[in-house]
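Asker: only geometry, no sequence info:
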């Protein structure tokens, strides 16, 4: 009888650990891994198996939870960054300057999402920055661009702005639609992802 | 020896439940998405334009506010489905997802593309014509079109009338 009870307890404990770890590694519990981390370039993380039948069970579960109906890599690739260039978590309390150039793709966009994978609940109408805006605002041969990420509008009126108001601790997602083959085969040598520089935080003297 | 057996039971149960739950997550979430869309009035076999994606209109996680979306729910259990969508004047795609969230097909709707239509289903009887995309059961077709402005969104929305995901009789 004691042996049976011991086995029962160990079995139930095993189920609890197994279920809990599956939910965490599958991205179902806050704080768990987001999508995939197979590719990392300057802190921007992605996984080429998103949307593919070849994705492993972990990537498949995380994509279902954090990026339902994501496209496979031939159509779009997704990079996510949760930290600034100094490694600090991106926060609504801080102002950031993001800057970059062109990407080997047909069209790109950068969108801000809150910790719940949602567009932040604000009415600023500045949820993303994209190639169309970059080409309209920055007319230069090198295609260099920059934008401010902050909870309040930039003091410089012509500076493109992504609002982080109500974003809490957020992430930025870079979408690259119809990527060139070179990006898919050698992402580390082809892609120059945007830099994210913290400029100031609430309560700091800038 | 008794503790060894106990540890073995623990390990087997932990691994079995881990992989069972992990493998169930995509299907569970896709079923939930189907139920949510149906509860919101999305009919079967008809593309419906989603409202422009804003914090208050977002229905799925991580929507792109720069895109216009149109969704169609379908089920191939009772026969194949043909999906058509017109080519637009900017970047666009029509993608198909099975009930495990796999992106089993993408058609290009950008200018210059020769996409016309695709058949989706499975061969129920010997001799049935083979569909372009094999999918057995529930699926979702999703049209994305580049629409960073309201005018672009309005234009993309007008193209939805020319799209279809009808059962093939």
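Answerer: Yep, it's here. All of these numbers come straight from a predicted model, not from anything done at the bench. Residues are numbered from 1 along each chain as shown, chains lettered A, B, ... in the order given.
Asker: where exactly do the strands run in chain A?
Answerer: Assigned by DSSP state E, the strands in chain A fall at A:39-41, A:44-46, A:76-81, A:94-100, A:105-113, A:128-130, A:145-150, A:161-163, A:171-179, A:195-201.
Asker: just send those strands back as CSV, with distance to residue B:133, mean pLDDT and mean neighbour count too.
Answerer: For the C-beta atoms, the positions are set from N, CA and C on the backbone; glycine is no exception. Converted to CSV, those look like this (distance: least, Cβ to Cβ, whole Å; pLDDT from 0 to 100; neighbours: other Cβ atoms under 10 Å in any protein chain shown):
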stretch, distance to residue B:133, mean pLDDT, mean neighbour count
strand A:39-41, 27, 91, 15
strand A:44-46, 26, 92, 21
strand A:76-81, 19, 93, 24
strand A:94-100, 36, 96, 19
strand A:105-113, 23, 94, 22
strand A:128-130, 30, 94, 24
strand A:145-150, 38, 96, 22
strand A:161-163, 37, 97, 21
strand A:171-179, 20, 95, 22
strand A:195-201, 39, 96, 16
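Asker: now tabulate the ones you listed in TSV and tack on distance to residue B:147.
Answerer: As requested, the strands of chain A are exported to TSV (distance: least, Cβ to Cβ, whole Å):
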stretch	distance to residue B:147
strand A:39-41	28
strand A:44-46	24
strand A:76-81	16
strand A:94-100	23
strand A:105-113	11
strand A:128-130	11
strand A:145-150	20
strand A:161-163	18
strand A:171-179	13
strand A:195-201	26
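Asker: distance to chain B for the ones you listed - can I get that in JSON lines?
Answerer: What follows is those, written out as JSON lines (distance: least, Cβ to the nearest Cβ, whole Å):
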{"stretch": "strand A:39-41", "distance to chain B": "18"}
{"stretch": "strand A:44-46", "distance to chain B": "14"}
{"stretch": "strand A:76-81", "distance to chain B": "8"}
{"stretch": "strand A:94-100", "distance to chain B": "16"}
{"stretch": "strand A:105-113", "distance to chain B": "5"}
{"stretch": "strand A:128-130", "distance to chain B": "5"}
{"stretch": "strand A:145-150", "distance to chain B": "14"}
{"stretch": "strand A:161-163", "distance to chain B": "10"}
{"stretch": "strand A:171-179", "distance to chain B": "6"}
{"stretch": "strand A:195-201", "distance to chain B": "19"}
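Asker: and residue 75, what's its pLDDT?
Answerer: Picked chain A for this. You'll see residue A:75 listed with a pLDDT of 91.
Asker: chain B is the one I meant
Answerer: On the pLDDT scale, residue B:75 gets 93.
Asker: skipping adjacent residues, who's closest to it in space?
Answerer: With sequence-adjacent residues excluded and distances taken as Cβ to Cβ, 6 or more residues apart in numbering or on different chains, residue B:75 is closest to residue B:138, at 4.9 Å.
Asker: so that neighbour touches residue B:81, yeah?
Answerer: No. Between residue B:138 and residue B:81 there is no contact under Cβ atoms under 8 Å: 11.0 Å.
Asker: output the below-cut-off pLDDT ranges for the chain.
Answerer: By default, I'm working from chain A. A:30-37, A:141-142, A:204-206 (pLDDT under 70).
Asker: hmm, I had chain B in mind actually
Answerer: Ranges of chain B meeting pLDDT under 70: B:124-127.
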